[in-house]
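Colleague: kindly return the folded structure for what I paste below:
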Amino acid sequence: MRSAGFLSESQRRLAWVGFLLAAFQAPLAAKFVDDASWLFAVVVAMVVATVILADDVERRRPEAVEEG
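Modeller: Below is the predicted model:
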């Protein structure tokens with residue numbers, strides 16, 4: 001049995017939705033906004049992606065086998 005990550009299934013799904021929304025919003029904002037405020041959406045998407053990747057690593061880690 002695989003170990004569970006630190007995100008629940010609903011948190012993981014919400015993280016993916018947040019990542020996709022931020023990732024799609026950034027280029028649209030860059031096109032329609034004159035300042036560089038769209039960079040914030042890029043940073044948010046990168047942070048959420050890092051959390052998703054860390055959860056993936058935790059889920060793929062084999063469970064520790066108890067000795068004795």
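
Colleague: return the set of buried residues in stretch 9-19.
Modeller: Across stretch 9-19, burial judged by 16 or more other Cβ atoms under 10 Å covers 12, 15, 18-19. Quick note: C-beta positions are derived from backbone N, CA and C, even for glycine.

Colleague: looking at those residues, which is nearest D56?
Modeller: Using Cβ to Cβ, R12 comes nearest to D56 of the buried residues of stretch 9-19, at 9.3 Å.

Colleague: can I assume the closest one is in contact with I52?
Modeller: Yes. Here R12 reaches I52: they are 7.2 Å apart, a contact under Cβ atoms under 8 Å.

Colleague: tabulate the buried residues of stretch 9-19 in JSON lines, adding columns for pLDDT.
Modeller: Output for these, formatted as JSON lines (pLDDT from 0 to 100):
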{"residue": "R12", "pLDDT": "94"}
{"residue": "A15", "pLDDT": "95"}
{"residue": "G18", "pLDDT": "93"}
{"residue": "F19", "pLDDT": "94"}
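
Colleague: quick one: contacts for A30?
Modeller: A30 makes contacts with W38, as judged by Cβ atoms under 8 Å, 6 or more residues apart in numbering.

Colleague: any idea which helix or strand comes after the helix or strand hosting it?
Modeller: Secondary structure assigned from DSSP states H and E places A30 in helix 9-32. Following helix 9-32 in sequence order, the next helix or strand is helix 39-60 (DSSP H and E).
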